[in-house]
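S.K.: have a look at this prediction, sequence included:
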Amino acid sequence: MLKQRPTMDIGVGSFIVANALVSRQARGIAKTNLRNAISSTCPLIVLGFARIFFTSSVDYQVHVGEYGVHWNFFFTLAGVAILTSIINLPPSYCGILGWFILVVYEIILLLGLNEYLLSNERGHDIISQNKEGIFSIFGYWGLYLVCVQLGNYLFFGKPGDAVLRTNDWARIRVWIICLLFWLLTILLDRHVERVSRRMCNLAYVTVVLAMNLQVFAVLTLADYVPGYKVAALIEYFDRNLLGSFLLANVLTGMVNLSMDTLSVSPFVALAILVGYAYILSIAAAVAHFYGIRLKFW
């Protein structure tokens, strides 16, 4: 049984997976280049610096051990996009490069990089100050590339393969791949290195893949429910993912600033979560109703 550790955070990995599975690269309809990648990541970089400014302005508690002194997940997303544009491969080969990056990165971690990343000692240079965020980019990059090929294999692929892409066969493939990743995660966690989001090591990548594919595998069974159709709320969030993500971050910050979340009672915690979900849902529905979409690049 896997034990969850403080350094483990499924959300950020799932964000990478969701973006990669249905990306333009996975669909094989566009080739990215460095110029376009830099242009498209400028908003992420701006958001990254904005987060630094606002968290420092309100003296918001930031766990330095997560990404570093100045780094945050917006910078990681921008770094992944830029690296992907530098080495541009067809989707059917992205997985090979992704696994190569992940294995080499894991070997380097085992050779001593993990001790450096987990230590509390920091120098005055920018790399040492943000070592967790900078080095974990390689893990996220490998995860992204693997998911690009997975998305191409599971959902898109060649037109001539359409005969193999029936609903039943798609479900079987998703369940098989999901189980394989769970098995690989258990082996890596027990015999190689424990799951760590902080380092974004190989075990973390496989557990993120396993969990996301498990959710997707369960959702594929919805076709067996009579009269099932996609919920309107899912479509609302799908239309405005970035806006929902930013609002969720703002709400989380407001809660953390207004109370000591570690000491609240279970009832209060549940009330906060219900209110949080309710506000997000209402905001997504209102944005959809008025045709608002936060996509400014």
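M.R.: Yep, it's here.
S.K.: what residues sit buried inside stretch 20-38?
M.R.: Neighbour-count burial for stretch 20-38 flags 20, 21, 23, 25, 26, 28, 32, 37 (criterion: 16 or more other CB atoms under 10 Å). Yep, even glycine has a C-beta here, placed from its N, CA and C like the rest.
S.K.: go on, stretch 216-232?
M.R.: For stretch 216-232, the buried set under the neighbour-count rule, 16+ other CB under 10 Å, comprises 216, 217, 220.
S.K.: do the same with stretch 69-88
M.R.: Neighbour counts over stretch 69-88 (16+ other CB under 10 Å) mark 70-85 as buried.
S.K.: how far off centre is it?
M.R.: Relative to the centre of its chain, stretch 69-88 is centred 12 Å away, using CA atoms, centre = their mean, to the nearest Å.
S.K.: got it, and stretch 14-28?
M.R.: Stretch 14-28 sits 10 Å away from the centroid of its parent chain (CA atoms, centre = their mean).
S.K.: what's the answer for stretch 265-283, then?
M.R.: For stretch 265-283, the distance to the chain centre is 23 Å (CA atoms, centre = their mean).
S.K.: quick one: contacts of that stretch?
M.R.: For stretch 265-283, the surrounding residues in contact (CB atoms under 8 Å, 6 or more residues apart in numbering) are 233, 236, 243, 244, 247, 248, 251, 252, 255, 261, 264.
S.K.: cool, stretch 247-258 as well?
M.R.: Contacts for stretch 247-258 (CB under 8 Å, 6+ apart): 51, 55, 58, 60, 61, 261, 272, 276, 279, 280, 283.
S.K.: which of those are buried?
M.R.: For the contacts of stretch 247-258, a burial check counting by 16+ other CB under 10 Å picks out 51, 272, 280, 283.
S.K.: most widely separated two among these?
M.R.: Spatial extent of these (CB to CB) is set by the pair 51 and 272 at 21.8 Å.
S.K.: tell me which helix or strand comes right after the helix or strand hosting residue 37.
M.R.: If you go by DSSP states H and E, residue 37 is part of helix 34-57. Going down the chain from helix 34-57, the next helix or strand is helix 64-67, by DSSP H and E.
S.K.: check which residues of that next one are buried.
M.R.: Buried positions in helix 64-67, judged by neighbour count with 16+ other CB under 10 Å: 66, 67.
S.K.: per-residue confidence averaged over it?
M.R.: What helix 64-67 shows for mean pLDDT is 79.
S.K.: what's in contact with that helix?
M.R.: Residues from elsewhere that reach helix 64-67, judged by CB under 8 Å, 6+ apart: 7, 9, 73, 75, 76, 120, 130, 132, 133, 136, 198.
S.K.: mind running it again at 7 Å?
M.R.: 73, 130, 132, 133, 198 (CB atoms under 7 Å, 6 or more residues apart in numbering).
S.K.: name the nearest residue to the fourth one, ignoring sequence neighbours.
M.R.: Translated: residue 133. Closest residue in space to residue 133, ignoring its immediate chain neighbours: residue 71 at 2.9 Å, by CB to CB, 6 or more residues apart in numbering.
S.K.: repeat for the first one
M.R.: Leaving aside its sequence neighbours, residue 73 sits nearest to residue 12 (CB to CB, 6+ apart; 5.4 Å).
S.K.: hmm, back to that, of the contacts of stretch 265-283, which one scores lowest on pLDDT?
M.R.: Lowest pLDDT within these is found at residue 261 (78).
S.K.: what sits against that one?
M.R.: Residues near residue 261 by CB under 7 Å, 6+ apart: residue 255.
S.K.: and it, what are its phi and psi?
M.R.: phi -70, psi -20 (degrees, to the nearest 10).
S.K.: what's near enough to touch residue 143?
M.R.: Residue 143 neighbours (CB under 7 Å, 6+ apart): 13, 16, 17, 205, 208.
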